[in-house]
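In: for reference, the sequence and a predicted model appear below.
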Amino acid sequence: MPEPEETTLAAKPVALSKIIYGQLMEPPQANVYGTVHGGEIMKLVDTAAGSAAIKHAGRICVTASVDRMDFIAPVHVGEFLHVRASVNYVHRTSMEVGVRVDAEVLVTGSTRHVASAYVILVALDEAGRHVTVPALLAESDDERRRMAAGAERYRLRREQRTRAAR
């Protein structure tokens with residue numbers, strides 16, 4: 001694959017990439033036990049992650065990998081899912097997006113954390129080539145912590161790919 005175009009882009013704050021997405025869970029999304037299929041939740045996670053990456057990059061972005069997807073609690077038909085995503089870390093052409101999913105029982109307002117994921121996306125130009133994305137500007141201690149953790153996960157992924165290539 002050709003090298004990505006090199007440009008100097010202004011850094012963007014994490015806040016500009018934030019996405020809040022929601023959807024009511026209905027019977028077609030569930031199994032015979034009334035719990036939502038993990039794949040349905042994964043699709044929502046991928047949609048939110050892609051949206052956050054596109055907002056940050058200002059370009060079409062595609063999912064390259066899911067570094068981690070944890071299902072913490074079951075989701076039931078009738079619950080409303082709140083999916084929150086934002087860019088954690090930026091490399092040259094790729095971004096790690098952190099996604100958190102909470103389920104809300106609408107009649108009571110009670111919520112619980114049900115899933116989390118780290119999704120890696122790559123920005124593309126109109127010809128499908130990787131393009132440079134803006135640097136990420138962390139403005140809070142939490143954003144700086146998330147950025148440092150994302151940088152470490154990037155290092156570990158790269159190390160793992162190097163070992164696998166041997």
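Out: Thanks, I have it. Treat the numbers as computed from the prediction; the structure is a model and nothing was measured. Residues are numbered from 1 along each chain as shown.

In: now residue 163: how far from residue 156?
Out: Distance of residue 163 to residue 156, computed by C-beta to C-beta, to the nearest Å: 11 Å. Heads up, the C-betas are built off the backbone N, CA and C, glycines and all.

In: who's more crowded, the two?
Out: The residue with more neighbours, out of residue 163 and residue 156, is residue 156; 11 against 8, by other C-beta atoms under 10 Å.

In: same question for the top strand by length along the chain: list its buried residues.
Out: For the chain, the longest strand by residue count, based on DSSP state E, is strand 111-124. For strand 111-124, the neighbour count (16 or more other C-beta atoms under 10 Å) marks 114-124 as buried.

In: stretch 71-83 too?
Out: 75, 77, 79, 81-83.

In: swap in stretch 146-164?
Out: Neighbour-count burial for stretch 146-164 flags 146-147, 150, 153-154, 157 (criterion: 16+ other C-beta under 10 Å).

In: endpoint to endpoint, stretch 117-136 covers what distance?
Out: Distance between the two ends of stretch 117-136: 19 Å, counting by C-alpha to C-alpha, to the nearest Å.

In: check the offset of it from the chain's centre.
Out: 13 Å (C-alpha atoms, centre = their mean, to the nearest Å).

In: closest one to residue 58 out of the buried residues of strand 111-124, please.
Out: residue 123 (8.3 Å; C-beta to C-beta).

In: would you confirm that that closest one contacts residue 129?
Out: No - in this structure, residue 123 is not within contact of residue 129 by C-beta atoms under 8 Å, at 9.8 Å.

In: out of the buried residues of strand 111-124, which is nearest to residue 10?
Out: Distances from residue 10 to those, taken by C-beta to C-beta, are shortest for residue 123, at 15.1 Å.

In: need the helices for this structure, in chain order.
Out: With DSSP state H as the criterion, the chain has helices at 38-57, 141-165.

In: which neighbouring elements make contact with the longest one?
Out: When contacts are defined as 3 or more C-beta pairs under 8 Å, 6 or more residues apart in numbering; DSSP states H and E, helix 141-165 packs onto strand 60-71, strand 80-90, strand 94-104, strand 111-124.
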